[in-house]
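Trainee: Sequence first, then the predicted structure, then my questions.
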Amino acid sequence: MRDFRDSKAMAHTLRVALAAKGHKVTNSESLELIALAFGVADWNTLSAVIREEAAGLHNHAPAPQFPTTATMHRALAYARQRKHQYATLEHLLLALIDDVDASAVMKACNVDLGALREKLTNYIDDDLKALAIDGGDEPQQSAGFQRVVQRAAHYAEGRGRPKRTGAELLVAIFVDRSRATPRGFSVSRT
């Protein structure tokens, strides 16, 4: 299981995953994104924490908690509004646009959040119509949704944090290699 000490490997994985999706990110940009995902200001700060940990000097004071409960509820609400049987990664990504931590990472990647919101909403409304069911049942999390939430929780746990952030959920979406990008769906960057 990877934790913050594996940040360089995680940055490489993120860069490869983004490249596979058509988003070119430099090595230094991916390191900065991983630092943001771990809740620190920049790569230099995270690198210093890694060095301190390796030297056994790290103070294990609890990090601030950034619950993603509102983001999770928003994703489920998007599925519920459309009477979808399942809340998918698309619902989660749409909810992450309004998450402070995740939107900061996306902005750092020059993602046009307005265009992303529009494309996701259109995709969910048009291409995921088959998920709609009659009845008022609460939507269930899809297998991919559950995997991403679990992976983000592992990232948070590896950092010694009791709660995951939206940035960790976002990173977990991009490294979920078992999920293919929907045909014809791409995110514009500015």
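Mentor: Nice, I can see it. Numbering: from 1, shown residues only.
Trainee: Give the closest residue to the residue nearest to the spatial centre of the chain in space, chain neighbours not counted.
Mentor: Centroid-nearest residue in the chain: residue 170, 0.8 Å away (criterion: Cα atoms, centre = their mean). Closest residue in space to residue 170, ignoring its immediate chain neighbours: residue 102 at 4.3 Å, by Cβ to Cβ, 6 or more residues apart in numbering. All C-beta spots, glycine's among them, are computed from the backbone N, C-alpha and C.
Trainee: Distance check, the closest residue in space to residue 140 that isn't next to it in sequence against residue 100.
Mentor: Distance criterion Cβ to Cβ, 6+ apart; nearest residue to residue 140, sequence neighbours excluded, is residue 86 at 5.6 Å. Residue 86 sits 26 Å away from residue 100, going by Cβ to Cβ, to the nearest Å.
Trainee: Which one of the two is surrounded by more residues?
Mentor: Taking other Cβ atoms under 10 Å, residue 86 and residue 100 do not tie; residue 86 has more neighbours (16 against 12).
Trainee: show me what contacts that one?
Mentor: Residues in contact with residue 86 (Cβ atoms under 8 Å, 6 or more residues apart in numbering) are 79, 131, 139-142, 145.
Trainee: so the closest residue to residue 124 other than its chain neighbours is in which element?
Mentor: Distances taken as Cβ to Cβ, 6+ apart put residue 90 closest to residue 124, at 5.4 Å, once the chain neighbours are dropped. For residue 90, the host element (DSSP states H and E) is helix 89-96.
Trainee: Counting by contacts, list what that helix packs against.
Mentor: helix 69-81, helix 100-108, helix 113-127, helix 143-158, helix 166-174 (3 or more Cβ pairs under 8 Å, 6 or more residues apart in numbering; DSSP states H and E).
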